[in-house]
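[1] Please find the sequence and the predicted model below.
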Amino acid sequence: MQNKLKVLLINSLLKGGGTDNQCLLLAKGLKELEIPVLVACPQNAELSSLLEDYGIETVRWEKIFLGFSS
């Protein structure tokens, strides 16, 4: 049977805390179930090395802050 489910998780910080831990655990669990998962996170995310340790594919972006004046 072909698995059609693919999951993209987007995490804007990945520095630790409840949401970040949940993202890591969810990605790891999906990988263990052989469901393709990709995590998008900032280029310098502190916990991205854990994703690499788990063998989870990532896509990273450089975080840019745009200032708007009123």
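    Good, I have the coordinates.
[2] quick check: longest helix of the chain.
    helix 18-32 (DSSP state H).
[3] That one packs against which elements?
    Other helices and strands packing on helix 18-32, by 3 or more CB pairs under 8 Å, 6 or more residues apart in numbering; DSSP states H and E, are strand 7-10, strand 37-42, helix 48-54. Backbone N, C-alpha and C define where each C-beta goes, glycine included.
[4] Pull the shortest one out as CSV, backbone CA atoms only.
    When you say that, I think you mean strand 7-10. C-alpha atoms of strand 7-10 as CSV (Å, rounded to 0.1, in the frame of the first residue of the first chain):
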residue,chain,number,x,y,z
VAL,A,7,3.6,16.3,6.7
LEU,A,8,5.2,19.7,6.8
LEU,A,9,5.9,21.2,10.3
ILE,A,10,6.7,24.9,10.5
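[5] What strands line up against that strand, and which way round?
    strand 37-42 (parallel) (DSSP bridges).
[6] Tell me the buried residues in the strand it pairs with?
    By neighbour count on 16 or more other CB atoms under 10 Å, the buried set for strand 37-42 is Val37, Val39, Cys41, Pro42.
[7] same thing with stretch 22-41?
    Cys23, Leu24, Ala27, Lys28, Leu30, Lys31, Val37, Val39, Cys41.
[8] Identify the residue nearest the geometric centre of this protein.
    Note on the chain: the residue nearest the mean C-alpha position is Val39, at 2.9 Å, using CA atoms, centre = their mean.
[9] was I right about Glu57 contacting Cys41?
    No - using CB atoms under 8 Å, Glu57 is not in contact with Cys41, being 11.4 Å away.
[10] Average the pLDDT values over stretch 32-41 and round to the nearest integer.
    Mean per-residue pLDDT for stretch 32-41: 96.
[11] quick one: stretch 28-36 to chain centroid distance?
    Relative to its chain's centre, stretch 28-36 lies at 13 Å (CA atoms, centre = their mean, to the nearest Å).
[12] Give me the contacts around it.
    Stretch 28-36 has contacts (CB atoms under 8 Å, 6 or more residues apart in numbering) with Asn3, Leu5, Lys6, Val7, Val37, Tyr54, Gly55, Ile56.
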